[in-house]
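> Pasting a predicted model and its sequence here:
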Amino acid sequence: MRAIPSSAAGPRDLGRATVLLSALVSREFKSRYRRSMLGPLWAVIQPLVYMLLFLFLGTVLKMASPKGPYVVYLFCALMPWTFFANAVTRCASSLISNASIVKKIAVPREVFPLSVVIVSLLDFLISLVVLFGLLAYYQIAQGIPLASPWACAFWLPILTLLTFMLASGIGLALAAFGTYRYDVFFAVPLLLQAWMFATPIFYLVDGVPMGLRSWYSLNPMVGIVEAYRSVLMYGQSPDLSLLAVAVIVTIVIWALVWPVFRYVSQYFADVL
């Protein structure tokens with residue numbers, strides 16, 4: 001199998017990769033909503049549907065209620081989860097869907113999975129507008145004290161970057177494996193469904209048995225989801241111990257995945 005360099009080190013190649021990344025993001029975002037009547041509103045509909053489902057489950061199962069509106073509690077978690085899950089899912093096929101470009105242009109192969117993560121980030125930013133609307137409604141119409149948008153000005157960019165990096169790290173691994181084995185495309189949706197139920201989206205972390213709590217917190221999305229809630233719903237600093245676990249896991253994922261991705265990327269053009 002012939003090794004093909006994925007990139008060169010010169011500034012011209014870096015500029016070409018940046019231009020390609022921008023073009024891929026623009027194409028992905030436009031093509032996703034091109035023939036859709038609702039357009040980017042679908043970025044909001046998905047977490048809203050999940051929110052209604054979990055509201056129903058919470059009522060039927062008579063689950064413990066959080067402090068504050070359960071609707072806001074759910075939406076604060078569903079926003080980062082939807083961002084993460086959509087990005088990871090789309091990364092798996094990002095190289096195969098751009099096979100014609102991968103074969104012709106020698107650029108860092110990371111631009112292909114990163115482009116779909118950026119588009120998922122744009123969807124996340126759209127859903128943020130809806131969340132701020134919910135916060136304003138409950139504060140003004142219902143008189144419930146919740147966090148103001150300014151309370152999250154410091155932490156929100158940090159949490160968004162952490163979610164982006166976690167999704168990108170896992171996405172790089174899936175993109176590489178998915179290029180060689182299509183089993184990845186069947187496994188990812190199933191694994192993400194299980195991962196969602198292992199993340200405190202519609203239930204409280206306090207409901208997890210103490211004996212399992214230390215293992216449970218190794219799930220990086222636990223710290224990330226709880227951090228979003230603390231910041232967006234309550235206007236408080238997140239639990240730094242949970243967040244530190246998420247940061248460490250993300251760093252470990254990148255340390256393991258990126259060198260492997262860089263090595264196998266030499267052969268993507270031949271495999272595709």
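In hand now; what should we look at?
> When you work out contacts or count neighbours from here on, use the C-alpha atoms and nothing else.
Will do.
> Please name every helix or strand in contact with whichever strand or helix holds residue 158.
For residue 158, the element it lies in under DSSP states H and E is helix 155-180. Packed against helix 155-180 by the contact rule (3 or more CA pairs under 8 Å, 6 or more residues apart in numbering; DSSP states H and E) you find helix 70-92, helix 94-97, helix 111-140, helix 183-197, helix 220-228, helix 240-264, helix 268-271.
> Buried residues in that helix, which are they?
Neighbour counts over helix 155-180 (16 or more other CA atoms under 10 Å) mark 155-156, 159-160, 162-179 as buried.
> now that helix against helix 220-228, angle please.
Counting by axes from the mean of the first three to the mean of the last three CA atoms, to 10 degrees, helix 155-180 lies at 160 degrees to helix 220-228.
> Helix 155-180 to helix 183-197, inter-axis angle?
Going by the same axes, to 10 degrees, helix 155-180 makes 150 degrees with helix 183-197.
> ok now helix 155-180, how far from the chain's centre?
Relative to its parent chain, helix 155-180 has a centroid offset of 7 Å by CA atoms, centre = their mean, to the nearest Å.
> how big is the angle separating that helix from helix 111-140?
Orientation check (the same axes, to 10 degrees): helix 155-180 against helix 111-140 gives 140 degrees.
> Report the angle between helix 155-180 and helix 240-264.
Helix 155-180 and helix 240-264 are oriented at 30 degrees to each other (the same axes, to 10 degrees).
> Residue 19: neighbour count?
Burial measure for residue 19: 11 neighbouring residues, criterion other CA atoms under 10 Å.
> any idea how far residue 261 is from it?
For residue 19, the distance to residue 261 equals 21 Å [CA to CA, to the nearest Å].
> before we move on, the earlier item: can you lay out the helices and strands packed on helix 155-180 as CSV showing distance to residue 52 and mean neighbour count?
Listed next are those as CSV, based on distance: least, CA to CA, whole Å; neighbours: other CA atoms under 10 Å:
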stretch, distance to residue 52, mean neighbour count
helix 70-92, 9, 23
helix 94-97, 31, 22
helix 111-140, 14, 20
helix 183-197, 16, 13
helix 220-228, 18, 24
helix 240-264, 27, 16
helix 268-271, 42, 18
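> Export those as JSON lines, with columns for distance to residue 209 and mean pLDDT.
Shown next, in JSON lines, are the helices and strands packed on helix 155-180 (distance: least, CA to CA, whole Å; pLDDT from 0 to 100):
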{"stretch": "helix 70-92", "distance to residue 209": "21", "mean pLDDT": "92"}
{"stretch": "helix 94-97", "distance to residue 209": "39", "mean pLDDT": "87"}
{"stretch": "helix 111-140", "distance to residue 209": "30", "mean pLDDT": "88"}
{"stretch": "helix 183-197", "distance to residue 209": "15", "mean pLDDT": "91"}
{"stretch": "helix 220-228", "distance to residue 209": "15", "mean pLDDT": "96"}
{"stretch": "helix 240-264", "distance to residue 209": "16", "mean pLDDT": "94"}
{"stretch": "helix 268-271", "distance to residue 209": "45", "mean pLDDT": "74"}
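> Out of the ones you listed, which gets nearest to residue 28?
helix 111-140 (7.1 Å; CA to CA).
> Helix 70-92 and that closest one, what's the angle between them?
Taking the same axes, to 10 degrees, one finds helix 111-140 and helix 70-92 inclined to each other by 170 degrees.
> helices and strands around helix 111-140, which ones?
Helix 111-140 sits against helix 11-33, helix 42-60, helix 70-92, helix 94-97, helix 155-180, with contacts defined as 3+ CA pairs under 8 Å, 6+ apart.
> quick one: which of these is nearest residue 139?
Here helix 70-92 is closest among those (CA to CA), at 11.4 Å.
> Export that closest one to CSV, keeping only CA atoms.
Provided in CSV are the C-alpha atoms of helix 70-92 (Å, rounded to 0.1, in the frame of the first residue of the first chain):
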residue,chain,number,x,y,z
TYR,A,70,-37.3,20.8,34.7
VAL,A,71,-37.7,22.1,31.1
VAL,A,72,-34.6,24.3,31.6
TYR,A,73,-32.8,21.5,33.4
LEU,A,74,-33.3,19.2,30.4
PHE,A,75,-32.5,21.7,27.7
CYS,A,76,-29.2,22.8,29.4
ALA,A,77,-28.1,19.2,29.1
LEU,A,78,-29.6,18.4,25.7
MET,A,79,-27.8,21.3,23.9
PRO,A,80,-24.2,20.1,24.6
TRP,A,81,-25.3,16.4,24.2
THR,A,82,-26.9,17.1,20.8
PHE,A,83,-23.8,19.0,19.7
PHE,A,84,-21.5,16.2,20.8
ALA,A,85,-23.6,13.3,19.4
ASN,A,86,-24.2,14.9,16.0
ALA,A,87,-20.6,15.9,15.6
VAL,A,88,-19.3,12.4,16.5
THR,A,89,-21.9,10.7,14.2
ARG,A,90,-21.1,12.9,11.2
CYS,A,91,-17.3,12.6,11.7
ALA,A,92,-17.5,8.8,11.2
